[in-house]
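K.L.:
What follows is a predicted structure for the sequence shown.
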Amino acid sequence: MLAKHKILKLFRCHHSQKNLKIKPLRHLICNPFCTATESPELTSRIKSSDTQKPGEDFVIPSLASWVESYKLHDQTRLASNILSEKRDTDIDRFSKILKNRYPSPDGVVQALNGSSLSASTGLIEQILRRFSNDLVPAFGVFTWAKTQTGYRDTPEIYNSMVDILGKCKKFDLMWDLVREMNDLNDGYVTLATMGKIIRRLVRGGKYDEAVEAFRGLDKFGVTKDAMAMNLLMDALAKENSVEHAYEVFCEFKDCTPLNIRTFNILIDGWCKARKLENAERTMDEMKKHGFLPNVISYTCFIEHYCHQKDFRKVDEILKEMQENGCKPNAVTYTIALHALGKAKQINEALEVYAKMKSDGCLPDATFYSSLIFILRKAGRIKDANEIFEDMKTQGVMPDVSTYTNMISSACELSQEEDALKLLRKMEEDSCKPNLKTYAPLLKMCCKKRRMKVLNFLLIHMFRNDVSIDTGTYTLLVRGLCMSKKLELACSFFEEMVSKGMVPMNATYKMLVEELNKNCMGEAKEHIEKLMSRVKPQEPV
DNA sequence: TTAGGGTTAG
């Protein structure tokens, strides 16, 4: 928690800097990378890309050696087998094989059979993470590993594979695998497995099938308890289908034990769907069942009113909580702080912070992230950075989302150096970046035509086992289109399709239009051919 | 394992 004088300083700053505009940042002019060591595949893509204009694709001197070391590191690993750490060598050898785009998992199996590689649990886990959006290599490795003597998949590995199949909407294969797990008769199928199935089915719009999966839990030796039912209801409510969640509730409430979470899931669902009367009715029903509303129940309502910017109502709920002896927690305060910040009521937001402190509630990483976010949005960069530094001295370590937020803000402000330094800092702090961390960086590279930094980021992602998903490919294709890096845009489009992903119609149209404008008839035909093989999807 | 930012969009 910040000392009181620091909070006061934030208030003072706000008044004195109310009309302060962010100064346009000096464009960073830096030394170019040396060109010798890039990842082979991307280099060929980037080299075949449009000719670069002067001033593009520079990197900050203070970061050049880091970026360069990554690339050297990567190439050494891929090129040489003489390395000290066996596991690291193996993951690279696997990756090298898997990066050949085999048309089917069988192709992968054959390729691996022809190698001298052997399976181990840690290795297979890592590969499934690294290729979690890439069904053919993932399923190929998984299938191959099962045939290896002395190796047996753990339930966790099976669960990861189930999840990947569900994510790629291969529901039949997913069910086959669950039955296979069940046939092992060794307690492989658990609620964790069925939870993945239910969530993937719901996300694929298969609500009825998800409910059926719940009904059939006993077949897999999984108990239909409150936890299982909550899981189903939560999946439905999160997918904007609180009505389905309510149907489940009505159908099973008499034969399944309920707990306070069951009701809170519904309350949250109704609040998010802006069906407030239903949320209130659920609150009454909850009391009838002998459950008193807790901080989560109230916070759902607070979030609703924050969303409506009805801060008077928020105060009312807070008062009601106090009357009922229910204390707001860090989540409650974060919601209020963030909403006030978004509504440009910075002083009121900071009052929330002061109130939190006086209430003796400790902020966590997410709270600080929100505080940093709203300060940066208000142009208070220096204060935001100070909070970021200060949170560590307060004993709260920045987490992935804190870093992601900082990186995202830096990218928005075109502070390339800061953004990359933050990524390096994450590495130093052993904080693993995820797709959301990379997204703003990738976007910035596309916009500023930093192709070599883009190359570096893609290697960085791969080494951190972050698998590129449809959204990220969309971002890359769109970003590169806008920067007229059309050949590269095409190559990402192709890679996306080759992984079985379906590009959005808008993305496809944008690419084709740009190719048309630039008289790239051959490339256009190629893209059209690719698209005709996949089912076009209307943007949601 | 019920509540907390942002996601493409110009």
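P.N.:
Structure received.

K.L.:
Next one: the residue nearest to residue A:156 when sequence neighbours are not counted, what pLDDT does it get?
P.N.:
Take residue A:156 and drop its neighbours on the chain: the residue closest to it by Cβ to Cβ, 6 or more residues apart in numbering is residue A:125, 7.2 Å away. The C-beta positions use only the backbone N, C-alpha and C, and glycine is treated the same way. Predicted confidence (pLDDT) for residue A:125: 95.

K.L.:
Surely residue A:125 is in contact with residue A:158?
P.N.:
No: between residue A:125 and residue A:158 there is no contact under Cβ atoms under 8 Å: 11.3 Å.

K.L.:
just to revisit the earlier point, return the residues in contact with the residue nearest to residue A:156.
P.N.:
A:156, A:157, A:160 (Cβ atoms under 8 Å, 6 or more residues apart in numbering).

K.L.:
Okay, and which of these map to helices?
P.N.:
A:156, A:157, A:160 (DSSP state H).

K.L.:
What is the burial count for the first one?
P.N.:
By other Cβ atoms under 10 Å, the residues close to residue A:156 number 15.

K.L.:
and the gap between it and residue A:425?
P.N.:
31 Å (Cβ to Cβ, to the nearest Å).

K.L.:
And the residue of the stretch 401-540 of chain A that's closest to DNA strand B?
P.N.:
Proximity of the stretch 401-540 of chain A to DNA strand B (Cβ to the nearest atom of the strand) peaks at residue A:401, 1.9 Å away.

K.L.:
Quick check: chain neighbours aside, which residue is closest to that residue?
P.N.:
Take residue A:401 and drop its neighbours on the chain: the residue closest to it by Cβ to Cβ, 6+ apart is residue A:369, 5.5 Å away.

K.L.:
wait, isn't that neighbour in contact with residue A:400?
P.N.:
No: using Cβ under 8 Å, residue A:369 makes no contact with residue A:400, being 9.9 Å away.

K.L.:
need the contact list for residue A:66.
P.N.:
Contacts of residue A:66 (Cβ under 8 Å, 6+ apart): residue A:424.

K.L.:
To which secondary structure element is the residue in the stretch 151-300 of chain A that DNA strand B sits nearest to assigned?
P.N.:
Proximity of the stretch 151-300 of chain A to DNA strand B (Cβ to the nearest atom of the strand) peaks at residue A:264, 2.8 Å away. Assigned by DSSP states H and E, residue A:264 belongs to helix A:260-272.

K.L.:
just the CA coordinates of that helix, formatted as CSV?
P.N.:
Output in CSV follows, covering the C-alpha atoms of helix A:260-272 (Å, rounded to 0.1, in the frame of the first residue of the first chain):
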residue,chain,number,x,y,z
ILE,A,260,-23.5,-20.1,-2.6
ARG,A,261,-21.5,-20.2,-5.8
THR,A,262,-24.4,-21.6,-7.8
PHE,A,263,-26.4,-18.5,-6.9
ASN,A,264,-23.5,-16.1,-7.5
ILE,A,265,-22.9,-17.5,-11.0
LEU,A,266,-26.5,-16.8,-11.8
ILE,A,267,-26.5,-13.3,-10.3
ASP,A,268,-23.4,-12.4,-12.2
GLY,A,269,-24.9,-13.8,-15.4
TRP,A,270,-28.1,-11.8,-15.0
CYS,A,271,-26.1,-8.7,-14.1
LYS,A,272,-23.9,-9.0,-17.2
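
K.L.:
next one: that helix to chain centre, how far?
P.N.:
Its chain's C-alpha centre and that of helix A:260-272 lie 24 Å apart, by Cα atoms, centre = their mean, to the nearest Å.

K.L.:
what about the strands in chain A?
P.N.:
In order along the chain, chain A carries no strands (DSSP state E).

K.L.:
how about the residues of the stretch 1-150 of chain A near DNA strand B?
P.N.:
Within the stretch 1-150 of chain A, no position lies close to DNA strand B (Cβ under 7 Å from any atom of the strand).

K.L.:
Can you pull out the low-pLDDT segments for the stretch 1-150 of chain A?
P.N.:
Scanning the stretch 1-150 of chain A for pLDDT under 70 picks out A:1-58, A:71-88.

K.L.:
if you set the cut-off to 90 instead, what comes out?
P.N.:
Low-confidence segments of the stretch 1-150 of chain A (pLDDT under 90): A:1-90, A:99-101.

K.L.:
before we move on, what about the stretch 401-540 of chain A?
P.N.:
Within the stretch 401-540 of chain A, the ranges that satisfy pLDDT under 90 run A:401, A:405, A:409-410, A:412-416, A:418, A:429-430, A:452, A:498-502, A:532-540.

K.L.:
how about the residues of the stretch 201-350 of chain A near DNA strand B?
P.N.:
A:227, A:230-231, A:234, A:238, A:260-261, A:264-265, A:268, A:294-296, A:299-300, A:303, A:329-335, A:338, A:342.

K.L.:
what's near enough to touch residue A:477?
P.N.:
Here residue A:477 is in contact with A:489, A:492, A:493, A:496, A:503, A:507, A:510, A:511 (Cβ under 8 Å, 6+ apart).

K.L.:
How about the residue of the stretch 151-300 of chain A closest to DNA strand B, nearest residue that isn't a chain neighbour?
P.N.:
Of all residues not flanking residue A:264 in the chain, residue A:296 sits nearest, at 4.9 Å (Cβ to Cβ, 6+ apart).

K.L.:
mind checking how far that neighbour is from residue A:285?
P.N.:
The value you get for residue A:296 to residue A:285, if Cβ to Cβ is used, is 16 Å.

K.L.:
Now do the buried residues in stretch A:465-478.
P.N.:
Neighbour-count burial for stretch A:465-478 flags A:465-470, A:472-478 (criterion: 16 or more other Cβ atoms under 10 Å).

K.L.:
Where does pLDDT dip in the stretch 251-400 of chain A?
P.N.:
Checking the stretch 251-400 of chain A against pLDDT under 90 turns up A:376-382, A:385, A:392.

K.L.:
follow-up on the earlier one: pull the contacting residues for the residue of the stretch 151-300 of chain A closest to DNA strand B.
P.N.:
Residue A:264 makes contact with A:294, A:296, A:297, A:300, according to Cβ under 8 Å, 6+ apart.

K.L.:
Number of residues surrounding the last one?
P.N.:
So the one you mean is residue A:300. Residue A:300: 24 neighbours (other Cβ under 10 Å).

K.L.:
which ones are touching the nearest residue to residue A:100 once chain neighbours are set aside?
P.N.:
Among residues not flanking residue A:100 along the chain, residue A:111 sits closest, at 7.0 Å (Cβ to Cβ, 6+ apart). By Cβ under 8 Å, 6+ apart, the residues touching residue A:111 are A:97, A:100, A:102.

K.L.:
One more: residue A:466?
P.N.:
Residue A:466 neighbours (Cβ under 8 Å, 6+ apart): A:130, A:433, A:434, A:435, A:438.

K.L.:
Look up how far residue A:252 lies from it.
P.N.:
From residue A:466 to residue A:252 the distance is 38 Å (Cβ to Cβ).
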